[in-house]
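Novice: here is my input, please return the structure:
(2 chains)
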Protein chains: 2
Amino acid sequence: MSSAGTVLAERRSQEGLGEAASRGFQAVLDSHLDALSAPAGLPVVICGMAGSRQGWMEAGYIDTPAELASIGPAATVVPGATRRIIILPGLASRAIDEPDVMRGEETQLLGAHLEFTGGSFYCMPGTHSKWVRMDGTRVKGFETFMTGELFATISSGTILKHSTGGEGPVDAHDPAFLTGVRDGWTRPEKTTHQLFAIRAGQLLHDYGQDEGRARLSGLLIGAECAGAGIRGGERVGLVASGALQRLYRTALSECGVHVHDIDADIAARRGLVEAWLAFAASKGELAKA
Amino acid sequence: MSSAGTVLAERRSQEGLGEAASRGFQAVLDSHLDALSAPAGLPVVICGMAGSRQGWMEAGYIDTPAELASIGPAATVVPGATRRIIILPGLASRAIDEPDVMRGEETQLLGAHLEFTGGSFYCMPGTHSKWVRMDGTRVKGFETFMTGELFATISSGTILKHSTGGEGPVDAHDPAFLTGVRDGWTRPEKTTHQLFAIRAGQLLHDYGQDEGRARLSGLLIGAECAGAGIRGGERVGLVASGALQRLYRTALSECGVHVHDIDADIAARRGLVEAWLAFAASKGELAKA
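Specialist: All right, here's what the predicted structure looks like:
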């Protein structure tokens, strides 16, 4: 990306944390930079699990409440690199009874907040969905919900695999998704009972697997909305893309939320550039940026 | 057992549905009867998954509301056997929006209700916990909660495996179990958020795996109590034994429930005998029983 945030070239890969750790993070990074013919001095900004305990270098957390602008300057510099390589910190809520962490989403949030003027409440769906409450440019607090991972695990690792056919796509327009959202949202305490009703529905009423998967997804997302405190009428920045964006947009609308769509990739890119500029400014390196 | 319900001899085995289906249900049964030197004419009463679609013979369901006394007479007779072999039906709640089934627990309930005079509310914990509401001897309705299976799947199949060390024993006196029960019961909508807090607690505060497992168990059982409508002050027949009995007794007491303990094995045996006597009476075979 240019320092103005324009995408000059892009590469994606399936190399996860484990593979990068075994092949060497620097080697994996260099292979991509070479493939992109990236200029030698191009700085590299990294966010997400590369900064975790199992990652390239532990980049720590900033404790909430936290200013978004503090993320860049708090980056960890990878020593001994031939170019500037920084790894951005995550955010942590250290409350003893309800601790929470995010790593990578803080950078998306940094970008998303630039896209959504006056945004104060964000939903960032995923394996571990994040709900963030803002006070101006300050992250007041956030909550993580294991919705994505529970959907994958329950649909493929429990008795419900017979009723869902395992993990798979969910149609946001499936009526079973919508009734699932409503039931999960209005009666979250019944969720682990409603899950079993998917099995019973297959046994007693021959409900299909697509329907079972849609209902499971709706129940979990609806319960997440209840847990996030959605009552209806809120303005929420939905930082997502693709199928997840369609599911959450439908679910949030079903719960009476006014959804402001923010593309997850655009938010991430914008956050990376913003973090780099703040880092460079904090080191007096902005002129060279 | 004698017709009076006295245990004359007992055998247990790990042969599950799959193994019995592949070796042949009759062969598996005969191997146990031979080992017990059971008299030739001894009738056999079977409940549980042997009566499911994948079992020996499908024994169907009785729809609720249902009289407990109707279970025996509705048994399915295994044809062509050299002795009387019956398989008891399950119970089903066929409501389109909230279907539910039980198979095997109905027989435990039959026995438990004989043990708990005036019992009107039962909790039968397990892989799929059942909560049953009675009106005299009539099953008004029941609800299943996937608590046991979710504990096993989440503790070993999600990111929480790092924070729980996988599936394992839970100490009912662990403070983390009690706070988990309270949090799950009072704020069930936060359950999938509280699950992730177990992971965050390990990362930020080095919470131990025993503590993580205890909290996970408490959260799920507490949320189950909320889902079952526990407000405090109810009289509940707890049909359980061993570690599960200790966990649920502690959890229910924490929620202000007056627990009436009923041993799960005693309930099952008493239910089997009661069902047999009702079946034999319905066929005019009681004198021979």
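Novice: can the helix or strand of chain A with the lowest mean pLDDT be found next to chain B?
Specialist: Scoring the helices and strands of chain A by mean pLDDT, DSSP states H and E places helix A:17-23 at the bottom, with a mean of 90. No - Helix A:17-23 stays clear of chain B (Cβ under 8 Å from any Cβ of the partner chain), getting no nearer than 12.4 Å. Where you see a C-beta, it was placed from the backbone N, CA and C, and this is true even at glycine.
Novice: how about the secondary structure of the residue lying farthest from the centre of chain A?
Specialist: Most distant from the centre of chain A: residue A:204, at 37.5 Å, with distances by Cα atoms, centre = their mean. For residue A:204, the assignment made with DSSP: H, G, I helix; E, B strand; the rest coil gives helix.
Novice: quick check: residues of the stretch 51-200 of chain A near chain B?
Specialist: Residues of the stretch 51-200 of chain A lying close to chain B (Cβ under 8 Å from any Cβ) are A:53, A:61, A:92-94, A:96-101, A:128, A:143-147, A:149-150, A:153-154, A:157-159, A:179, A:188-197, A:199-200.
Novice: which residues in the stretch 51-200 of chain A form helices?
Specialist: With DSSP state H, counting those that start in this stretch as the criterion, the stretch 51-200 of chain A has helices at A:105-115, A:147-157, A:161-164, A:175-186, A:191-205.
Novice: let me know the average pLDDT across the shortest one.
Specialist: It stands for helix A:161-164. For helix A:161-164, the mean per-residue pLDDT is 96.
Novice: same check on the last one?
Specialist: Confidence over helix A:191-205, taken as the mean pLDDT, stands at 97.
Novice: chain center to that helix: distance?
Specialist: What separates the centre of helix A:191-205 from the centre of its chain is 29 Å, taken as Cα atoms, centre = their mean, to the nearest Å.
Novice: name the residues that touch it?
Specialist: A:154, A:159-160, A:162-164, A:180, A:183-184, A:187, A:207, A:212, A:215-216, A:219-220, A:223, B:53, B:61, B:92-94, B:96, B:98-101, B:128, B:143-147, B:150, B:188, B:191, B:220, B:223-224, B:227 (Cβ atoms under 8 Å, 6 or more residues apart in numbering or on different chains).
Novice: in it, what counts as buried?
Specialist: A:191-204 (16 or more other Cβ atoms under 10 Å in any protein chain shown).
Novice: what's the answer for the shortest one, then?
Specialist: Of the residues in helix A:161-164, those scored as buried under the neighbour-count criterion (16+ other Cβ under 10 Å) are A:161, A:163-164.
Novice: now swap in the fourth one and tell me
Specialist: Buried positions in helix A:175-186, judged by neighbour count with 16+ other Cβ under 10 Å: A:176-185.
Novice: would you map the strands across the stretch 1-150 of chain A?
Specialist: With DSSP state E, counting those that start in this stretch, the ranges of strands along the stretch 1-150 of chain A come out as A:44-46, A:61-63, A:66-67, A:76-77, A:85-87, A:90-93, A:100-102, A:121-124, A:129-135, A:138-145.
Novice: as a markdown table, these with mean pLDDT and distance to residue B:279 would be great.
Specialist: Formatted as a markdown table, those follow (pLDDT from 0 to 100; distance: least, Cβ to Cβ, whole Å):
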| stretch | mean pLDDT | distance to residue B:279 |
| --- | --- | --- |
| strand A:44-46 | 97 | 70 |
| strand A:61-63 | 98 | 64 |
| strand A:66-67 | 98 | 68 |
| strand A:76-77 | 98 | 73 |
| strand A:85-87 | 97 | 70 |
| strand A:90-93 | 98 | 60 |
| strand A:100-102 | 98 | 56 |
| strand A:121-124 | 98 | 56 |
| strand A:129-135 | 98 | 52 |
| strand A:138-145 | 98 | 49 |
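Novice: nearest to residue A:232, of those?
Specialist: Comparison of the strands of the stretch 1-150 of chain A against residue A:232 by Cβ to Cβ identifies strand A:121-124 as nearest, at 13.0 Å.
Novice: what pairs with that closest one, parallel or antiparallel?
Specialist: Using DSSP bridges, the strands paired with strand A:121-124 are strand A:129-135 (antiparallel), strand A:235-240 (parallel).
Novice: now the angle between helix A:147-157 and the longest one, please.
Specialist: Strand A:129-135 and helix A:147-157 meet at an angle of 170 degrees, taking axes from the mean of the first three to the mean of the last three Cα atoms, to 10 degrees as the criterion.
Novice: can you give me how far strand A:129-135 is from the chain middle?
Specialist: Relative to its chain's centre, strand A:129-135 lies at 11 Å (Cα atoms, centre = their mean).
Novice: restricting to C-alpha, output that strand in PDB.
Specialist: The C-alpha trace of strand A:129-135 is given here as PDB (Å, rounded to 0.1, in the frame of the first residue of the first chain):
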ATOM      1  CA  SER A 129     -16.800 -12.300  17.500                       C
ATOM      2  CA  LYS A 130     -15.900  -9.000  19.100                       C
ATOM      3  CA  TRP A 131     -18.400  -6.300  20.200                       C
ATOM      4  CA  VAL A 132     -16.700  -3.000  20.900                       C
ATOM      5  CA  ARG A 133     -18.100   0.100  22.600                       C
ATOM      6  CA  MET A 134     -16.400   3.400  21.800                       C
ATOM      7  CA  ASP A 135     -16.300   6.800  23.500                       C
END
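Novice: quick check: domain ranges of chain A?
Specialist: Domain segmentation of chain A under automatic domain parsing yields A:17-145+A:264-282, A:147-256.
Novice: which of the ones you listed sits most buried?
Specialist: Stretch with highest mean neighbour count among these: domain A:147-256 (a mean of 21; mean count of other Cβ atoms under 10 Å in any protein chain shown).
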